[in-house]
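Undergrad: next come a sequence and a model predicted from it.
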Amino acid sequence: MKTKLFVSSFVLLTTFVLLAKGTGETNANFYSKDERSYSVQAGDLKVLVLDKDPVESKLTIDKEQARVIQVRNKAEVSQFVRLMIHPTLIDSKGISHVVALNEIAVGLNLIDWIDGKDGYYYYNKKLKEGQTTAALVEKIKVQNNTQGKLTLGIKAEAVTAEDQTYVNAWWQSQIPESEPLKSVYEVLYGEKE
């Protein structure tokens, strides 16, 4: 009987010790905090998107309307700029449909801007402090078959015009080998400081 009590006590004590040890480790892991957050940004991003029309402007079907979109450098250094304009049509049922910019832009400026075919338009000049780009878009026209509400999502990115900063930030340190990004690289390479 003493042996049975001893074995039962030993098993119970061992179980308790193992549970206590496991719980202690679980609690330690549960409460330990080893977090790191990294803030990554492409360059100095002190640029201002100038959209010279109210955000909720009323559009008239089949009529050209002014919608001047430019970027201003607010940094103290020269920068390279790229711009993404993401037109979306929200139909009467609330369903979003992506619309290509060239379907609504009248006279898209492809002299001062290069369509990278990656969603971005690249300004082909170095933008000095306080300067404003030529407009990428000056007018838009919504086609007759369009019904619903059109929104323009606009995103600008800028990097300093030094060395290969734009290659590192925009193309993960890989010089583009295919067009049209190869042309963007070559144009900006000639403009860098």
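TA: It's in.
Undergrad: now do the strands in the chain.
TA: 47-51, 65-73, 79-90, 96-98, 105-106, 113-115, 121-123, 137-140, 149-160 (DSSP state E).
Undergrad: may I have the third one exported as PDB, CA atoms only?
TA: This points to strand 79-90. Output in PDB follows, covering the C-alpha atoms of strand 79-90 (Å, rounded to 0.1, in the frame of the first residue of the first chain):
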ATOM      1  CA  GLN A  79      13.700  64.300 -57.100                       C
ATOM      2  CA  PHE A  80      12.500  61.900 -59.700                       C
ATOM      3  CA  VAL A  81       8.700  61.400 -59.700                       C
ATOM      4  CA  ARG A  82       6.400  58.700 -60.800                       C
ATOM      5  CA  LEU A  83       2.600  58.900 -60.800                       C
ATOM      6  CA  MET A  84      -0.200  56.300 -60.700                       C
ATOM      7  CA  ILE A  85      -3.700  57.200 -61.600                       C
ATOM      8  CA  HIS A  86      -6.200  54.500 -61.000                       C
ATOM      9  CA  PRO A  87      -9.600  55.300 -62.500                       C
ATOM     10  CA  THR A  88     -12.500  53.200 -61.200                       C
ATOM     11  CA  LEU A  89     -16.100  53.200 -62.300                       C
ATOM     12  CA  ILE A  90     -18.600  52.200 -59.600                       C
END
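Undergrad: got the buried residues for it?
TA: Burial within strand 79-90, assessed by neighbour count using 16 or more other CB atoms under 10 Å, is assigned to 79-83, 85, 87, 89. Backbone N, C-alpha and C define where each C-beta goes, glycine included.
Undergrad: could you check the angle strand 149-160 makes with it?
TA: 170 degrees (axes from the mean of the first three to the mean of the last three CA atoms, to 10 degrees).
Undergrad: and strand 79-90, what does it pack against?
TA: When contacts are defined as 3 or more CB pairs under 8 Å, 6 or more residues apart in numbering; DSSP states H and E, strand 79-90 packs onto strand 47-51, strand 65-73, strand 96-98, helix 101-104, strand 121-123, strand 149-160, helix 165-171.
Undergrad: give me the pLDDT value at the closest residue in space to residue 171 that isn't next to it in sequence.
TA: Using CB to CB, 6 or more residues apart in numbering and skipping the chain neighbours, the partner closest in space to residue 171 is residue 181 (7.0 Å). At residue 181, the pLDDT value in this model is 93.
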